[in-house]
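Q: Need a 3D model of the sequence below.
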Amino acid sequence: MNTSIDRILKTEFSEIMEKNYIDYAMSVIIARALPDVRDGLKPVQRRTLYDMYELGIRSDKPYRKSARIVGDTMGKYHPHGDSSIYDALVVMSQEFKKGLPLVDGHGNFGNIEGDGAAAMRYTEARLEKITEEAFLGDLDKDVVDFMPNFDETEKEPTVLPVRIPNFLVNGSEGIAVGMATSTPPHNLGEVIDATKAYMNDPELSTAQLMRYIKGPDFPTGGIVINKDELKGIYETGTGKIRIRGKIEEEKVKGGKVNLVITEIPYPMIGMNIGKFLLDVADLVESRKTTDIVDISNQSSKEGIRIVLELKKDADIENLKNLLYKKTRLEDTFGVNMLAIYNGRPETMGLKAILKASVDFQIEVATRKYNTLLNKELEKREIQEGLIKACNVIDLVIEILRGSKDRAMAKRCLVEGDTTGIKFKSRESQGMAAQLMFTDKQANAILEMRLYKLIGLELEALIKEHDETVANIYKYEDILESRDSMMQVLINDLDEYKKKYARKRRTEITNAEEAVYVEKEAEEMEVYFLMDRFGYARIIDTATFDRNKETALEENRFVFKCKNTGKIVVFTNTGQLHSIKVKDLPFGKFRDKGVPIDNVSNFKADSEYIVYAASQSDLNLYRLVFVTAKSMCKIVSGGEFDVSKRTVAATNLMEGDELISVIKFVDLKNIIFQTKDGYFLRFDPETIPEKKKTAVGVRGMKLGAGDVIENVYYTRIGQEVTIEYNGKDIDLLKLKAGSRDTKGTKVRT
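A: Numbering: from 1, shown residues only. Predicted structure coming up:
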């Protein structure tokens, strides 16, 4: 008989989704995307380096196929696909991405222009010397904890015993769930100097530490131009670093000068170099500049060399500013020094990172020297036993000869038990009863070979014992004295600096913002007209005044703007599209104009325009936003003064859309009308002001399946009558209500 009972557990689906999503997010954050501040490595990097260490692929050994490394790492430690492992291996070998490459790659490992590495079956790799010394050294001395791998068949280190602040030296980039890390690389020598200074005085401020770390040191060089902002970035761990490429002037025949780009901003590496070349070509084609005759990319393994050939008497300074302003030759590196610290993600400033690194180095060194001390204490115990045994060797031999088995001899040596042992005299038996060797000493004596009795061997044993005693004193001093511990760590850091530090590549300075002087058209006021089909055009004010009534009647949007300004349009999808007025046709009143999607990112097939206005005009007002699901808010118009062609103007819930945007000017009433015939009139001042990224608040309670169909506004002293289902409705005679109520059903 089956006695089992099926049980159905009822629970909220949202609770299960929330729990599972949190578990997934934490898994990505902790186990994949973010580095540990102690060793500056993500799990995939740590596992790859450890696997190479386990395989014995040292810097002085032959290269091994990357596929062998990737396969072994995936099979033992990182079951997340071979591409992530190989990508990590490739990046750790690329000098243009890492301030301190950790892997010595052999073969095609990609280049700075974005060409990818060859397949893993073709490339080979081995560890760099510094990786062996500063990242993987002392793993055999119990310096870090080990944990079971994914299938509990192997052990892997929870963190590598890195002896330098690698999180700063190599930087890190990674996207987790709801958070991302972006840490720039730094100069190894400067980081070591700052670490030593912190060890000597943990009370140093961020500004004092920056005497040693001037700023980021990108492997691509370049020029950081906002030096004064670096202190704030290093204190908070977040901010923006502005970087420019380095341009040199090169004189050529005929009195001409070429501009040669020899260093690029770090964010420009990869495909962005090709985009830079296209952007320069666009500047020439659009006649933003007529000074450039030709552009060629002459970069090689020796370094970056992009040559711009200029016409004679070109305005070089203005052209440089144009390149900085209109291309990625000046770019921004967003800093967010986020890392795993004490098992949780934390954004850390410079001092906090150095503290975490030094604390970890002290922990590693403490465990190392405790291990070494215990070994030396064990050696001393055995050495002292052997020396003592040599001094009474005749008695020891007499014990061994008189014993029936090993156990009997050992009991005599350890416990002084002479039972059953034949001695030559009672005096020998009495002396044997007083030996009292330790268990380890007795085992060493029983295993001692006869050649150890030779005079020179005995002298060597005594010398070795003296060295052991000296080591014990040294290790105990290191473990008991902070000054001694710090000196050991500083000596190691000095050695790494001497062997592996290099000169700074990135220049740190303050520079004025690039100002490109473009010949502008004479500024004047014009009128923007857009009809219901989305065709837009510009006319002058005199033409508008002569055709004002017709213009207002035939066009959906009509407003005044500057010919040097911008137009912004809000769409039902919550997007804001920006359009330069000069990109619109300027002509006669009856000219057709141009479709708005031809001069913007507006997608006429998937969105429609809710509102349009002059961008500069918006800065003076607040805007009221209303969606079909009754979400509403007020947003300062200044938030929409953006440089991008397209941005999100509001945040919409799934299935919702924007249906109304209007300036908040003298508004007295706002009236919502739903599809099912409910009207709600309330004071618009009760709508809270929010950021453009906010969803807003509920303006009206809607029935199931009901949506807001129309939004009406009345201004001070204004009466508005609408026709609804063949009936005229005076909006001001509707019963006034409160926001977030159901409203009144209008029956027809």
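
Q: Now do the longest helix anywhere in the chain: which elements does it pack against?
A: Under DSSP state H, the helix in the chain containing the largest number of residues is helix 350-391. For helix 350-391, the packing partners by 3 or more C-beta pairs under 8 Å, 6 or more residues apart in numbering; DSSP states H and E come out as helix 166-169, helix 188-200, helix 206-209, strand 338-341, helix 439-447, helix 455-480, helix 482-500. C-betas here are computed from N, CA, C, even on glycine.

Q: Ok, which of the ones you listed comes nearest residue 595?
A: The minimum distance between residue 595 and the helices and strands packed on helix 350-391 falls on strand 338-341, with 44.3 Å, by C-beta to C-beta.

Q: What mean pLDDT does the closest one get?
A: In this model, strand 338-341 has a mean pLDDT of 92.

Q: what's the next secondary structure element after the longest helix of the chain?
A: Per DSSP states H and E, helix 350-391 leads on to helix 393-402 as the next helix or strand towards the C-terminus.

Q: okay, residue 582: pLDDT?
A: pLDDT at residue 582 comes out at 83.

Q: what's the burial count for it?
A: Using other C-beta atoms under 10 Å, residue 582 has 13 other residues around it.

Q: how about stretch 391-401: buried residues?
A: Buried residues in stretch 391-401, defined by neighbour count with 16 or more other C-beta atoms under 10 Å: 395, 396, 398, 399, 400.

Q: average pLDDT across the longest helix of the chain?
A: pLDDT averaged over helix 350-391 gives 91.

Q: still on that earlier bit, mean neighbour count and distance to residue 709 added to the helices and strands packed on helix 350-391, as TSV?
A: Output for these, formatted as TSV (neighbours: other C-beta atoms under 10 Å; distance: least, C-beta to C-beta, whole Å):
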stretch	mean neighbour count	distance to residue 709
helix 166-169	27	56
helix 188-200	21	63
helix 206-209	16	57
strand 338-341	22	46
helix 439-447	17	91
helix 455-480	14	78
helix 482-500	15	70
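
Q: do you know how far the nearest residue to residue 462 once chain neighbours are set aside is from residue 461?
A: Distances taken as C-beta to C-beta, 6 or more residues apart in numbering put residue 387 closest to residue 462, at 6.4 Å, once the chain neighbours are dropped. Separation of residue 387 from residue 461 (C-beta to C-beta, to the nearest Å): 6 Å.

Q: Kindly report the same for residue 107.
A: 52 Å.

Q: Likewise for residue 8?
A: 76 Å.

Q: what does residue 128 give?
A: Distance from residue 128 to residue 461, by C-beta to C-beta: 41 Å.

Q: now do residue 236
A: 60 Å.

Q: same question, residue 562
A: When residue 562 is compared with residue 461 (using C-beta to C-beta), they lie 96 Å apart.

Q: One more: residue 609?
A: 94 Å.

Q: what separates stretch 670-685 from the chain centre, distance-wise?
A: 46 Å (C-alpha atoms, centre = their mean, to the nearest Å).

Q: Span of that stretch from start to end?
A: Taking C-alpha to C-alpha, to the nearest Å, stretch 670-685 runs 9 Å from one end to the other.

Q: Which residue lies nearest the spatial centre of the protein?
A: Centroid check for the chain by C-alpha atoms, centre = their mean gives residue 181 as the closest residue, at 2.1 Å.

Q: Quick check: nearest residue in space to it, chain neighbours excluded?
A: Residue 181 sits nearest to residue 338 (C-beta to C-beta, 6+ apart), 4.1 Å away.

Q: ok, now residue 740?
A: residue 698 is the one closest to residue 740 (C-beta to C-beta, 6+ apart), at 5.1 Å.

Q: Tell me what that neighbour is bridged to.
A: residue 631 (DSSP bridges).

Q: Could you check how far it is from residue 672?
A: Distance from residue 698 to residue 672, by C-beta to C-beta: 11 Å.

Q: do the same with residue 678
A: Relative to residue 672, and taking C-beta to C-beta, residue 678 is found at 8 Å.

Q: Quick one: the helices in the stretch 1-150 of the chain, in order.
A: For the stretch 1-150 of the chain, helices defined by DSSP state H, counting those that start in this stretch occupy the ranges 13-28, 43-55, 66-76, 82-91, 129-130.

Q: Tell me which of those helices sits nearest to residue 363.
A: helix 43-55 (16.8 Å).

Q: Could you give the separation of the closest one from the chain centroid?
A: Once both centres are worked out by C-alpha atoms, centre = their mean, helix 43-55 turns out to sit 21 Å from its chain's centre.

Q: go on, stretch 570-582?
A: With C-alpha atoms, centre = their mean, you get 31 Å for stretch 570-582.

Q: Endpoints of that stretch, how far apart?
A: End-to-end span of stretch 570-582 (C-alpha to C-alpha): 19 Å.

Q: Give me the buried stretch members for that stretch, please.
A: So, applying 16+ other C-beta under 10 Å, buried residues of stretch 570-582: 570, 571, 572, 573, 574, 575, 576, 577, 578, 579, 581.

Q: Now do the contacts for the second one.
A: So the one you mean is residue 571. 577, 602, 607, 608, 609, 610, 658 (C-beta atoms under 8 Å, 6 or more residues apart in numbering).

Q: rerun that using 6 Å as the cut-off
A: 607, 609 (C-beta atoms under 6 Å, 6 or more residues apart in numbering).

Q: Please name the bridge partners of it.
A: Assigned bridge partners for residue 571, using DSSP bridges, are residue 609.
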